[in-house]
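Participant: Sequence first, predicted coordinates after that:
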Amino acid sequence: MKFPLQTTRKIAVFRALQLGDMLCAIPAVRALRAAYPDAEITLLGLPWAESLCTRFPAYFDRFIHFPGFPGLPEQAVDPIAYQHFAAQMRDEQFDLILQMQGNGNIVNDMLENLSESPVAGFHSEGNYRCPDAFLQYPSGISEILRHLQLMEHLGIPSQGTALEFPVLGEEIQRLRSQLRFLPESPYICIHPGSRGAWRQWPPSHFARLADQCAGLGYRIVVTGTAAEAAITAEVIGLMDYPAIDLTGKTGLGEIAQLIAEADLLISNCTGVSHIAAATETPSIVISMDGEPERWGPLNKELHITIDWTSDPDYATVLLHLESLLGSRSKQSK
């Protein structure tokens with residue numbers, strides 16, 4: 001390994017992004033932990049990501065809230081909070097800071113200016129660093145494989161590409177209390193929301209697919225955050241069959257367990273699609289951002305990712321739906 005085990009006792013992972021981005025980095029963090037089993041690994045991330053320390057206690061020991069930086073769109077910059085963050089980073093004296101945010105155009109300078117701790121990660125044209133510690137940012141590949149390539153560049157062997165999403169016992173109990181029919185009655189999850197409107201498949205298409213599934217005897221469960229209530233209500237309103245509306249009524253753990261027990265997930269290319277990959281639940285993922293090779297699940301038989309920007313054909317989606325449900329039906333017999 002390029003950073004010796006004996007002197008690399010405190011590691012910080014900088015990845016201040018959303019759910020799907022974080023889940024795609026878990027295989028790399030798993031490899032990191034296997035390589036440095038006794039190191040203290042601290043996640044530097046957005047406020048919501050503190051929950052990952054509870055969900056992945058074997059991988060993350062601590063969490064430090066990153067308060068934003070000019071040019072990074074995930075959150076508004078808090079200048080006062082950033083001053084406190086910078087002071088804490090200087091005091092921490094990490095043995096290694098891993099830049100797993102992106103190509104480094106903004107964050108490499110930022111991280112190097114925060115402290116004297118060594119930084120490794122991705123770099124690209126215009127911000128090249130020492131090639132021993134930095135890898136040219138790969139393009140055109142899965143986000144999962146991109147971060148595993150970084151680990152391998154640093155001499156850290158892969159521990160596999162599988163995603164993970166552990167669910168706590170109390171989360172399972174809460175879900176059971178909400179949905180008494182689980183797990184006896186077959187159902188399909190419809191998740192029509194996404195963080196950006198440009199990444200959302202039309203509600204009418206979700207409604208048509210949901211009705212198709214309901215006509216085959218499946219219960220339809222519509223999920224979403226409270227902020228996505230308008231789009232989930234539109235989907236349900238366009239449906240001919242009834243649906244169970246869980247919008248804003250479940251946490252991430254309950255959503256994950258719901259997906260794990262579902263016969264199928266139909267969603268945009270968003271965080272829940274990576275949960276389906278982790279739980280090995282068949283899924284149809286509609287990619288509206290033109291990057292299906294980056295964000296689509298690696299198992300192309302279990303998960304169908306459709307690039308709607310190049311193939312906007314509803315009939316194609318319907319064919320994939322029938323194929324997945326047909327395979328599921330054969331397995332249950």
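Facilitator: It's in.
Participant: drop to CA atoms for contacts and neighbour counts, all remaining ones
Facilitator: OK.
Participant: Excluding chain neighbours, what is closest to Leu238?
Facilitator: Sequence neighbours aside, Ala207 is the residue nearest to Leu238 in space, at 5.9 Å (criterion: Cα to Cα, 6 or more residues apart in numbering).
Participant: my guess is the one you found meets Pro242, correct?
Facilitator: No - in this structure, Ala207 is not within contact of Pro242 by Cα atoms under 8 Å, at 10.7 Å.
Participant: distance of the residue nearest to Leu238 from Thr232?
Facilitator: When Cα to Cα, to the nearest Å is applied, the distance between Ala207 and Thr232 equals 10 Å.
Participant: These two: which is more packed in?
Facilitator: Under the neighbour definition other Cα atoms under 10 Å, Ala207 and Thr232 were set side by side, and Thr232 has more, 25 against 22.
Participant: And whichever helix or strand that one is part of, what does it pack against?
Facilitator: Assigned by DSSP states H and E, Thr232 belongs to helix 229-238. Using 3 or more Cα pairs under 8 Å, 6 or more residues apart in numbering; DSSP states H and E, the elements in contact with helix 229-238 are helix 203-215.
Participant: Relative to the whole chain's centre, how far out is the helix it packs on?
Facilitator: Mean-position distance between helix 203-215 and its chain equals 25 Å (Cα atoms, centre = their mean, to the nearest Å).
Participant: buried set for it?
Facilitator: Pro203, Phe206, Ala207, Arg208, Leu209, Ala210, Asp211, Gln212, Cys213, Ala214 (16 or more other Cα atoms under 10 Å).
Participant: which ones are touching the third one?
Facilitator: Counting by Cα atoms under 8 Å, 6 or more residues apart in numbering, Ala207 makes contact with Val235, Ile236, Leu238, Met239.
Participant: And the last one, by the same measure?
Facilitator: Ala214 sits next to Ile220, Tyr241 when contact means Cα under 8 Å, 6+ apart.
Participant: Please tell me how far it sits from Thr54.
Facilitator: Ala214 sits 36 Å away from Thr54, going by Cα to Cα.
Participant: for the stretch 201-333 of the chain, what are the low-confidence residue spans?
Facilitator: By pLDDT under 70, the weakly predicted segments of the stretch 201-333 of the chain are 327-333.
Participant: hmm, try it at 50
Facilitator: Low-confidence segments of the stretch 201-333 of the chain, defined by pLDDT under 50: 330, 333.
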